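1. Got a sequence here, can you model it:
(2 chains)
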Amino acid sequence: MKTVAEINEKIKSGKAVVVTAEEIIGIAEEKGYEEAAEMIDVVTTGTFGPMCSSGVFINFGHTSPPIKMQTVTLNDVPAYAGLAAVDAYIGATELSQSRGMEYGGGHVIEELVAGRDVELKAKAHGTDCYPRKEVETTINKDNVNQIYMYNPRNAYQNYPAATNSTEKTIYTYMGTLLPKFGNITYSTAGELSPLLNDPYYRTIGLGTRIFLGGAQGYVSWQGTQHNPEQKRGENGVPMSLSGTLAVTGDLRDMSDRYVKAAVYDKYGISLFVGIGIPIPILDAEMLKFTAVKNSEIVTALADKSGKEKMTESFTYEQLQSGSVEFRGNRVKTAPLSSISRAREIAELLKEWIEKGEFLLTEPVAALPLENKVNKLDIREMK
Amino acid sequence: MKKARVKLYFPREWVSKPLMSEVIQRYGITFNILHADITYDSAGTIIAEFSGDDSAVNGALDYIDSLGVSYKLYNKSIIRKEDECIDCGACTAVCPSEALTMDENNKLQFDKEKCLVCELCIKACPLGIISIEF
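-> This next block holds a predicted model:
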């Protein structure tokens, strides 16, 4: 029906019709999938949730005389430097050596995005070609060579809600979970979420241009633990842990409104990452996928204490209502991912496309639809 | 104008008497019950907010105290840096009194009236922007 190239021509001439993944629901109900697919060119999605598997590559530039950095800290948070001389990777969940769980990689990343100076300390053993053994200085996003986010696993297609079957409060990456099923937390942008609007990855694939942390970034690979073979509903939407994306983008263009450090009490550090992905409405099938709504998206429930195998599942409409019926009781439900900011991202991406500042891409290669997730077996050492 | 949030401890002999309506008339204050744990035949507590002129509120509190109804003042409250809040909702998971809730636009709402100042939200906030104000 429509190609990405045709949609891009419309975007360039300012004629593309763009709506968000929330707005499309009413349009589809009113017009039907066929007619709505004729009318609408692009549906924008958004998500702003804690995504632990995130981090940043930095090339600091060479000192004189040069150093092969062997151990590196940024604001006293260790970064991985087992790369070439002045390359390092700082991961979001890394903890500060002096401040423990109150400060970590996520905070360093947020400070860098905000344009603040960060203290760099590096040590080396010294070689003939890299004689320097120590560096202490400050860096920021403007005085390094390259600084780009590379997140191995973001934008989970679906994620189980969390609860706690034990007698004690537990502290998890899914927030504080009260004893005896005292609450349920969930993390999703639901009907706004990128991969829930393209369940079989027809338009989102390698090389897809996206909104990442306020910048234009790209899908660079399947995410780690990509699990497309998850059980799906009749609408094709996976009902628990499923597809994931690896994404990358230039940190210099990002905004700290869409990249925020998070501390989960007695768990550690994470990073809120803002992602928005435009979906080209190629035909009525894509329109139908993007018209999915919270009442049609189901997720499993997981006991984060690991004690009980849960069989219950809920729709995101139920979870977003503030409480659900669970084993005869009303249990409070709480989100962890900001839906209002996800909406803001979808709106902003819509604006960029309407202004012709953001063009759509065709995937260079598709994300796999077959992939098993392995367990780590504890094997006997020989 | 003064507002005072107090927990009142009613001994058994006062429970069945219309003490608070007398205090309201006598001092011209308003009296808003936030939480009550009291029955007609036993001692109990009421968490309430008194508001009115400074002298009237102070006078009312002194008066009930003199009659044997003791009270504890809540002089702390929870504050949130609203401009830094991302409306994630993690704090609502632990709030026992539904003072912190998500509204229909998925924005966080804080109802000070319902807040019990239990402080659980302070540690549950991933951005660390909720604190206690003295």
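
2. Would stretch A:104-112 count as contacting chain B?
-> No. Counting by C-beta under 8 Å from any C-beta of the partner chain, chain B has no neighbours in stretch A:104-112; the shortest distance is 9.5 Å. Where C-beta positions appear, they are placed from N, C-alpha and C, glycine not excepted.

3. if you average pLDDT over that stretch, what comes out?
-> The average pLDDT within stretch A:104-112 is 98.

4. What residues of that stretch count as buried?
-> Neighbour counts using 16 or more other C-beta atoms under 10 Å in any protein chain shown place A:104, A:105, A:106, A:107, A:108, A:109, A:110, A:111, A:112 of stretch A:104-112 among the buried residues.

5. Including secondary structure, could those go into TSV?
-> Formatted as TSV, those follow (DSSP: H, G, I helix; E, B strand; the rest coil):
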residue	secondary structure
A:104	strand
A:105	helix
A:106	helix
A:107	helix
A:108	helix
A:109	helix
A:110	helix
A:111	helix
A:112	helix
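
6. For chain B, which residues score under the pLDDT cut-off?
-> By pLDDT under 70, the low-scoring segments of chain B are B:134.

7. again, only this time at 90
-> Within chain B, the stretches with pLDDT under 90 are B:1-8, B:10-22, B:31-50, B:67-68, B:72-77, B:96-97, B:112-119, B:132-134.

8. for the stretch 1-150 of chain A, same thing?
-> For the stretch 1-150 of chain A, the stretches flagged by pLDDT under 90 are A:1.

9. any idea how far the residue nearest to residue A:2 when sequence neighbours are not counted lies from residue A:23?
-> Spatial nearest neighbour of residue A:2, chain neighbours left out: residue A:282 (5.5 Å); criterion: C-beta to C-beta, 6 or more residues apart in numbering or on different chains. Applying C-beta to C-beta, to the nearest Å, the value for residue A:282 to residue A:23 is 19 Å.

10. Also residue A:192?
-> Distance of residue A:192 to residue A:23, given as C-beta to C-beta: 10 Å.

11. if you count what's nearby, which of the two comes out ahead?
-> Legend: neighbour count by other C-beta atoms under 10 Å in any protein chain shown for residue A:192 and residue A:23, higher for residue A:192 (25 against 16).

12. correct me, but the more buried one touches residue A:49?
-> No. In this structure, residue A:192 is not within contact of residue A:49 by C-beta atoms under 8 Å, at 11.0 Å.

13. which neighbours do those two share?
-> Common neighbours of residue A:192 and residue A:49, counting by C-beta atoms under 8 Å, 6 or more residues apart in numbering or on different chains, are residue A:342.

14. buried ones in the longest helix along chain B?
-> Longest helix of chain B, by residue count under DSSP state H: helix B:54-66. Using 16+ other C-beta under 10 Å as the test for burial, helix B:54-66 gives B:56, B:57, B:59, B:60, B:61, B:64.

15. now swap in stretch A:365-382 and tell me
-> Of all the residues in stretch A:365-382, those buried under the rule 16+ other C-beta under 10 Å are residue A:367.

16. Contacts for it next, please.
-> Counting by C-beta under 8 Å, 6+ apart, stretch A:365-382 makes contact with A:200-201, A:204-207, A:222, A:225-229, A:241, A:243, A:245, all of which sit outside it.

17. Contact residues of the stretch 151-300 of chain A facing chain B?
-> A:175-178, A:183, A:185, A:260-265, A:270, A:272.

18. Please parse chain B into its domains.
-> B:2-74, B:77-133 (automatic domain parsing).

19. Kindly compare burial across those and name the winner.
-> Across these, averaging neighbours per residue (mean count of other C-beta atoms under 10 Å in any protein chain shown) puts domain B:77-133 on top, at a mean of 17.

20. related to what we said a few turns ago, need the domains of chain B in a markdown table (columns: distance to residue A:211).
-> Listed next are these as a markdown table, based on distance: least, C-beta to C-beta, whole Å:
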| stretch | distance to residue A:211 |
| --- | --- |
| domain B:2-74 | 44 |
| domain B:77-133 | 16 |
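
21. and residue A:153, which of those domains is closest to it?
-> domain B:77-133 (18.7 Å; C-beta to C-beta).

22. can you give me the end-to-end distance of the closest one?
-> By C-alpha to C-alpha, to the nearest Å, the extent of domain B:77-133 from end to end equals 5 Å.

23. Make sure the residue nearest to residue A:2 is actually in contact with residue A:1.
-> Yes. Applying C-beta under 8 Å, one finds residue A:282 in contact with residue A:1, separated by 6.2 Å.

24. Comparing the two, which shows the higher neighbour count?
-> Between residue A:282 and residue A:1, residue A:282 has the larger neighbour count (other C-beta under 10 Å), namely 19 against 13.

25. In which helix or strand does the more buried one reside?
-> Under DSSP states H and E, no helix or strand contains residue A:282.

26. show me the contacts for it.
-> A:1, A:2, A:3, A:4, A:202, A:203.

27. Which residue, neighbours along the chain excluded, lies closest to the fifth one?
-> Counting by C-beta to C-beta, 6+ apart, residue A:202 lies nearest to residue A:286, which is 6.5 Å off, once chain neighbours are set aside.

28. secondary structure class for that neighbour?
-> helix.

29. Per-residue pLDDT of it, please?
-> We have a pLDDT of 98 for residue A:286.

30. what ranges do the strands span in chain B?
-> B:2-10, B:30-39, B:42-52, B:70-74, B:77-80, B:100-102, B:108-110, B:130-133 (DSSP state E).

31. residues from chain B in reach of chain A?
-> Taking C-beta under 8 Å from any C-beta, the part of chain B that reaches chain A is made up of B:86-90, B:92-94, B:101-102, B:105-107, B:120, B:123-124, B:126-128.

32. residues contacting the nearest residue to residue A:208 once chain neighbours are set aside?
-> Nearest-residue entry for residue A:208: residue A:219, 4.3 Å, with adjacent residues in sequence omitted and distances by C-beta to C-beta, 6+ apart. When contacts are counted by C-beta under 8 Å, 6+ apart, residue A:219 touches A:204, A:205, A:206, A:207, A:208, A:210, A:245, A:246, A:247, A:277, A:363.

33. Is there a quick ChimeraX command that grabs whichever of those residues are buried?
-> The ChimeraX selection below is limited to those of the contacts of residue A:219 classed as buried (16+ other C-beta under 10 Å):
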select /A:204,205,206,208,210,245,246,247,277,363
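
34. Show me which of the contacts of residue A:219 is closest to residue A:126.
-> residue A:246 (35.5 Å).

35. you'd agree the closest one is up against residue A:152?
-> Yes. With contact defined as C-beta under 8 Å, residue A:246 reaches residue A:152; the gap is 5.2 Å.
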